[in-house]
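Peer 1: Sequence first, then the predicted structure, then my questions.
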Amino acid sequence: MSEESKSLNFIEHIIEEDLSNGLSKDKLRFRFPPEPNGYLHIGHTKAIGISFGLGEKYNAPVNLRFDDTNPAKEEQEYVDAIKRDIQWLGYEWANELYSSDYFDTLYKWAVQLIKDGKAYIDSQSSEAMAEQKGTPTQPGVDGPYRNRTVEENLDLFERMKQGEFDEGSHILRAKIDMQHPNMLMRDPIMYRILKKDHHRTGDEWCIYPMYDWTHGESDYIEQISHSLCSLEFKPHRELYDWFKEHVYGYASERLPMRPKQREFARLNLSYTIMSKRKLLKLVDDGHVSGWDDPRMPTISGLRRRGYTPNSIRNFIEKVGVAKRENIIDVSLLEFCVREDLNHTAPRVMAVLDPVKLVITNYPDEKEEWFEAENNPEDESAGSRKVPFSRELYIEKSDFKEEASSKFFRLKLGSEVRLKNAYIIKGESVVKDDAGNIKEIHCTYSTDTEKKVKGTLHWVSIKHAIKAEVREYDRLFIDEAPDGHQDKDFMEFINPNSLKTIEAFVEPSLADVKTGDSFQFQRIGYFNVDEDSTSEHLVFNKTVGLRDSWAKQKPKPQQHQNQPKQPQKKRPAIEVIKQLGKKYTNLPEVKREKSKAEILKLANEVSYEELQPLFNTAVKKAGTRIAVMLALGVLLKNGQKRNEDINAFIVRALEDKNEILVEEARAII
């Protein structure tokens with residue numbers, strides 16, 4: 001296998017195989033088909049990246065098609081927002097299309113299915129239909145209207161279209177198999193009555209096609225070669241193909257290409273809700289200010305918060321294309337924007353929690369303007385002038401009256417460097433009646449060559465500009481807020497997800513524009529919010545310089561009460577590997593004894609020692625079982641799950657060795 005083919009993801013392998021089997025490259029066509037019933041969120045960026053990325057790779061057209069089949073939930077606002085988000089990410093579509101463009105064609109094909117005995121009008125109540133449809137383990141039964149005549153079905157369908165009937169009184173169903181093991185094939189609904197105006201067709205229709213009927217046939221009409229969707233649509237593929245094969249008989253000469261549906265794992269992100277319905281609830285209930293609230297995982301929310309298109313595209317590339325679901329740690333997304341802004345964002349000084357600092361030996365009226373580098377990562381960024389004076393603001397946390405030798409910021413009797421300026425020494429403090437520090441008095445030295453360990457950022461008080469800073473934290477405090485069957489996701493809303501503070505920034509920020517990004521030195525990355533004006537600057541915190549949540553992650557517990565074990569000749573990880581080599585060949589009693597020893601030794605193993613063994617060869621099943629057992633102990637002791645762990649478990653679940661599969665299931 002060539003290096004090039006090794007780097008292909010599984011979807012690209014499918015396309016390459018189709019091309020090698022005779023599919024002409026100029027027949028490749030892709031699409032991104034959002035429903036305009038909400039704003040796009042970070043989960044959609046994976047589907048966007050896959051489809052538009054394939055278009056770029058193969059120089060093939062990618063349609064932006066809105067699957068607008070439900071006028072009760074769809075609005076032009078969502079259409080406009082979706083287009084704006086995709087353009088902002090840097091992608092261009094070949095054609096802007098709508099499923100509603102095909103309503104006439106879909107209706108004609110539905111009539112033809114009725115004539116062919118493949119569709120019928122059902123007049124049962126929704127409760128009766130649900131009961132006769134059965135369950136995943138119990139087959140359905142034929143309904144009382146399933147054998148209506150073609151003539152009666154055609155008459156009822158036409159009258160439905162003319163608006164004679166109330167909503168819910170009749171539906172059109174495909175006539176497939178009520179005993180089919182796939183419940184989606186048990187006579188699925190094709191049309192329902194909805195007496196609501198459509199955002200594009202107005203009141204022209206009062207019956208609307210269902211998603212499963214519309215989606216696949218829209219792909220067919222557009223001659224999409226590869227219909228790519230997320231894994232939850234895999235059970236729908238059988239129905240997708242059933243509709244496609246029947247319609248193909250009606251239009252094969254005009255539309256010769258039959259689309260191929262293939263599924264990929266959707267993007268699941270920790271601490272994040274990916275349901276548009278639940279995101280809408282957050283908006284409607286006032287927990288956020290709107291779809292573009294910077295705490296929201298919507299693309300518009302991320303954009304307003306200061307995320308860049310490049311950072312999101314890099315994130316999607318790092319996540320990759322997989323066949324199995326897993327949860328990506330949100331810290332990877334934060335890492336990507338931090339990495340991108342590090343190269344592009346100018347450095348400035350801002351003080352978010354100020355305390356006054358007075359340099360007692362600096363002249364009262366004197367001021368100086370020092371040269372400050374804009375971005376050490378970008379030589380072309382140049383420099384700026386920052387003013388210096390006798391009275392400054394520094395962060396309260398950067399000073400302690402007394403501190404240990406490990407505190408490298410300002411304290412009484414010690415020296416620190418002021419960024420781009422002088423070295424100062426803490427001399428005394430002035431306190432209010434409550435004992436709070438009002439002022440820190442220092443002296444400065446013109447000897448800037450001295451070596452000191454600490455460097456502080458600062459702002460000259462008489463030059464400082466007041467600014468509103470909105471510090472955002474994660475919207476949910478639970479890794480999987482909608483992953484609890486017995487709890488509502490709203491219970492996990494972070495009450496401290498937004499803190500608004502009055503800060504002071506250097507005067508170079510007086511003329512900033514909405515969307516401009518900066519690094520507030522030693523604090524994090526911030527951007528100018530759309531609420532900002534020249535009289536009242538507003539900054540959003542995009543991300544801190546470091547992952548603040550990493551400190552909160554539980555660390556493996558130390559088993560201090562266990563009796564001391566005799567010193568081993570070899571590290572515990574080596575003994576575990578040795579026990580694993582013979583594991584699958586042992587009789588059951590000895591295997592249980594070996595398992596107990598592995599579980600005990602695992603308490604002495606670090607994740608760093610165990611992780612390299614995740615790539616153990618497939619044929620070494622015993623070693624992989626031992627690694628899985630040890631991993632279970634680490635997870636129990638507080639080890640944080642990550643992408644490598646999830647991938648190792650997923651591979652084990654697909655293995656032929658039953659013991660390995662059993663141990664993997666035990667720690668899912």
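Peer 2: Done, it's in.
Peer 1: residue contacts, Lys356?
Peer 2: For Lys356, the contact set (Cβ atoms under 8 Å, 6 or more residues apart in numbering) comprises 391-393, 438-440, 461. For every residue, glycine as well, the C-beta is placed using N, CA and C.
Peer 1: give me that answer again for 10 Å
Peer 2: If a contact means Cβ atoms under 10 Å, 6 or more residues apart in numbering, then Lys356 has 391-394, 430, 437-441, 461 as its contacts.
Peer 1: pLDDT at it, what is it?
Peer 2: We note a pLDDT of 98 for Lys356 in this prediction.
Peer 1: Please apply the same query to Ser532.
Peer 2: pLDDT, read off for Ser532, is 97.
Peer 1: Please name the nearest non-neighbouring residue to it.
Peer 2: Val538 (4.1 Å; Cβ to Cβ, 6 or more residues apart in numbering).
Peer 1: right, and the helix or strand after the helix or strand containing that neighbour?
Peer 2: Per DSSP states H and E, Val538 falls inside strand 537-544. Going down the chain from strand 537-544, the next helix or strand is helix 572-581, by DSSP H and E.
Peer 1: now that next one: mean pLDDT?
Peer 2: The model assigns helix 572-581 a mean pLDDT of 90.
Peer 1: which secondary structure elements does whichever helix or strand comes after that helix contact?
Peer 2: Counting by DSSP H and E, the next helix or strand C-terminal to helix 572-581 is helix 588-601. Helices and strands touching helix 588-601, by 3 or more Cβ pairs under 10 Å, 6 or more residues apart in numbering; DSSP states H and E, are helix 572-581, helix 621-636, helix 658-666.
Peer 1: Give me the neighbour count for Lys318.
Peer 2: Neighbour count for Lys318, taken as other Cβ atoms under 10 Å: 13.
Peer 1: Revised request: answer the last question for Ile523.
Peer 2: By other Cβ under 10 Å, the burial measure for Ile523, its neighbour count, is 19.
Peer 1: what do you get for Val538?
Peer 2: Val538 sits with 18 neighbouring residues when counted by other Cβ under 10 Å.
Peer 1: That one and Glu530, how far apart?
Peer 2: As defined by Cβ to Cβ, to the nearest Å, Val538 lies at a distance of 8 Å from Glu530.
Peer 1: Need the residues touching each of these two.
Peer 2: Both Val538 and Glu530 are in contact with Thr514, where contact means Cβ under 10 Å, 6+ apart.
Peer 1: Tell me the buried residues within the contacts of Lys356.
Peer 2: Burial by neighbour count, 16 or more other Cβ atoms under 10 Å: within the contacts of Lys356 this picks out 392-394, 440-441, 461.
Peer 1: show me the contacts for the residue nearest to Phe103 when sequence neighbours are not counted.
Peer 2: Once flanking residues are discounted, Phe103 sits nearest to Trp205: 6.1 Å by Cβ to Cβ, 6+ apart. Neighbouring residues of Trp205 by Cβ under 10 Å, 6+ apart: 71, 100, 103-104, 107, 161, 163, 191, 194-198.
Peer 1: returning to what we had before: looking at the contacts of Lys356, which is nearest Leu634?
Peer 2: Ile394 (42.1 Å; Cβ to Cβ).
Peer 1: Since that was my last question, I'll sign off now.
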